[in-house]
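Asks: Sequence below, structure please.
(chains A and B)
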Amino acid sequence: SQTIHQWPATLVQPVGSPLSLECTVEGTSNPNLYWYRQAAGRGLQLLFYSVGIGQISSEVPQNLSASRPQDRQFILSSKKLLLSDSGFYLCASAGASGANVLTFGAGSRLTVL
Amino acid sequence: SQQGEEDPQALSIQEGENATMNCSYKTSINNLQWYRQNSGRGLVHLILIRSNEREKHSGRLRVTLDTSKKSSSLLITASRAADTASYFCATDASNYQLIWGAGTKLIIKP
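Replies: Numbering: from 1, shown residues only, chains lettered A, B, ... in the order given. Next up is the predicted model:
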């Protein structure tokens, strides 16, 4: 079974500062990887997904970017944070089961002040 | 984009009672999944039902799927305090993406 490691768990950053959230996956190879954002009490908004190293698809125009430097590493970044970037960020992985079943990390709560 | 809609948005019941949550969606799907999220945590996959299935069981969970009505329900029987969480449905209509509902917040009162 897969395990997703996501860090940091909590982050408080000033407006205009950079961001780097990291996610690593254990227990599978060549997974599809996802970054979601969740507003308080709401569902999940897909930000990025990746089907392989260096392959990133963006779902919404935004202040964020993603990279996949290694097969099981997925990074969410920003050069300059906005207040609206605050939220709960979740990394997820879909393994080789054939069905698109996701395993999630524990999440990173970002507060931009 | 969000296509699933759960109802109710919130549900509060006594421990031991059954909890039913519903999910509606808009397009054809390959499968529909239910996930649970404890407060401030990541989501955990509960159960998957394929488009050619009508009912599926897993422990105290029972899921039904009606593709003609584009709807699904999740029944949790004999609820426990530990079932307190938010429950999300997600539909799989493509190879890479799940489409998520806004969730039902379930509170089990002791």
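Asks: With residue A:89 as the reference, measure out to the residue nearest to residue A:52 when sequence neighbours are not counted.
Replies: Nearest residue to residue A:52, sequence neighbours excluded (CB to CB, 6 or more residues apart in numbering or on different chains): residue A:30, at 6.7 Å. Where you see a C-beta, it was placed from the backbone N, CA and C, and this is true even at glycine. According to CB to CB, to the nearest Å, residue A:30 and residue A:89 sit 23 Å apart.
Asks: Counting neighbours, go ahead and name the busier of these two.
Replies: Higher neighbour count among residue A:30 and residue A:89: residue A:89, with 22 against 12, using other CB atoms under 10 Å in any protein chain shown.
Asks: Need the pLDDT of the more buried one.
Replies: With respect to pLDDT, residue A:89 scores 97.
Asks: bridging residues for it?
Replies: residue A:37, residue A:108 (DSSP bridges).
Asks: so what's it up against?
Replies: A:21, A:35, A:36, A:37, A:38, A:47, A:76, A:107, A:108, A:109, A:110 (CB atoms under 8 Å, 6 or more residues apart in numbering or on different chains).
Asks: Can you verify my assumption that the first one contacts residue A:6?
Replies: Yes: the pair residue A:21 and residue A:6 passes the contact test of CB atoms under 8 Å, sitting 7.2 Å apart.
Asks: list the residues that contact both of the two?
Replies: Shared contacts of residue A:21 and residue A:6, defined by CB under 8 Å, 6+ apart, are found at A:91, A:108.
Asks: Please work out which residues outside stretch B:16-31 touch it.
Replies: So stretch B:16-31 is in contact with A:99-100, B:3-8, B:11, B:13, B:32, B:34, B:48-51, B:67, B:69-79, B:83, B:87, B:89, B:91-93, B:99, B:101, B:104, B:106, B:108, going by CB under 8 Å, 6+ apart.
Asks: Mind telling me what element residue B:96 is part of?
Replies: Using DSSP states H and E, residue B:96 sits within no helix or strand.
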